[in-house]
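S.K.: Could you look at this predicted model? Sequence included:
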Amino acid sequence: MSDGIVIIPTYNEIENIEPIIRAVLSLDTAFDVLIVDDNSPDGTAQKVRELQQEYAGKLFLEVRAGKSGLGTAYVHGFKWAISRKYEYIFEMDADFSHNPNDLVRLYDACKKGADMAIGSRYVTGVNVVNWPLSRVLMSYYASAYVRTITGMTIRDATAGFICYKRKVLESVNLDRIKFVGYAFQIEMKYRAYANGFNITEVPIIFTDRTMGESKMSGAIFKEAIFGVISLRMKKMLNRL
């Protein structure tokens, strides 16, 4: 068993699932992969089952009853990974917006002392490919808003490409994590920050998906805007 596992939530990712699994499992650094699928009607989970025959002991699958959101999928995966004593636990998208080669750079950052390594689009400027300007600005200024409200210095607060040491996730009451999209990503970083963990940002180039459909919505963005205020208030009241 590898000491690192890459958690990839999926819903209708049939175009991407086989290529992303093969890309991760072909890296020189050995990682295991856990797919958390929300009962995709397009056959994503079945494709994973087929690939498990080839990658026995390296590729794992958890299928949930239905579409329940990104945040709960990751919490499900975190609990699964913690119970199996993985030391390094990753978040990564299925659609190649996160380059699998950068997993090694996040892993190395944690091996060298970081407790949480973030694949950051904004730590060295703006490194985003194929996004419309409106979405780049929304994402960039959302992170600025988060820094203002929370006091965190993280440049890419909504990033979803992350390596955690297991102790970071063990310090969080995962049953209290309720946010779904951007707000979930912000909450996980804020809880790690509030608990005094060493957080570093590793510059990456983020490339928007070329296959499949984006899961971004106005409701997810609204959740992030108001969720940040909620998190800050809870911290001030010692209820985080």
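M.R.: Structure's in. What do you need?
S.K.: roughly how far apart are residue 43 and residue 197?
M.R.: Using C-beta to C-beta, to the nearest Å, residue 43 is found at 39 Å from residue 197. Quick note: C-beta positions are derived from backbone N, CA and C, even for glycine.
S.K.: which of these two has more neighbours?
M.R.: A count of neighbours by other C-beta atoms under 10 Å puts residue 197 above the other of residue 43 and residue 197, at 17 against 13.
S.K.: pretty sure the more buried one is touching residue 116, no?
M.R.: Yes. Taking C-beta atoms under 8 Å as the definition, residue 197 is a contact partner of residue 116 at 5.8 Å.
S.K.: what touches both of those two?
M.R.: residue 168 (C-beta atoms under 8 Å, 6 or more residues apart in numbering).
S.K.: Strands along the protein, start to end?
M.R.: 4-10, 32-37, 59-63, 88-91, 116-120, 128-129, 162-165, 199-203, 206-207 (DSSP state E).
S.K.: As TSV, those with mean neighbour count would be great.
M.R.: Converted to TSV, the strands of the chain look like this (neighbours: other C-beta atoms under 10 Å):
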stretch	mean neighbour count
strand 4-10	25
strand 32-37	24
strand 59-63	18
strand 88-91	25
strand 116-120	26
strand 128-129	14
strand 162-165	27
strand 199-203	19
strand 206-207	20
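S.K.: Make CSV out of those strands and add mean pLDDT and distance to residue 143.
M.R.: Conversion of the strands of the chain to CSV gives the following (pLDDT from 0 to 100; distance: least, C-beta to C-beta, whole Å):
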stretch, mean pLDDT, distance to residue 143
strand 4-10, 98, 22
strand 32-37, 98, 26
strand 59-63, 98, 30
strand 88-91, 98, 17
strand 116-120, 98, 9
strand 128-129, 86, 12
strand 162-165, 98, 14
strand 199-203, 98, 11
strand 206-207, 92, 13
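S.K.: okay, those in CSV with distance to residue 182 next?
M.R.: Converted to CSV, the strands of the chain look like this (distance: least, C-beta to C-beta, whole Å):
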stretch, distance to residue 182
strand 4-10, 14
strand 32-37, 18
strand 59-63, 23
strand 88-91, 13
strand 116-120, 14
strand 128-129, 15
strand 162-165, 13
strand 199-203, 17
strand 206-207, 14
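S.K.: so which of the ones you listed gets nearest residue 145?
M.R.: strand 116-120 (16.5 Å; C-beta to C-beta).
S.K.: Restrict the closest one to CA atoms and write it as CSV.
M.R.: What follows is strand 116-120 as a C-alpha-only set of coordinates in CSV (Å, rounded to 0.1, in the frame of the first residue of the first chain):
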residue,chain,number,x,y,z
MET,A,116,-1.1,21.0,4.0
ALA,A,117,0.1,21.8,0.4
ILE,A,118,-2.2,23.7,-1.9
GLY,A,119,-1.9,23.6,-5.7
SER,A,120,-2.2,27.4,-6.1
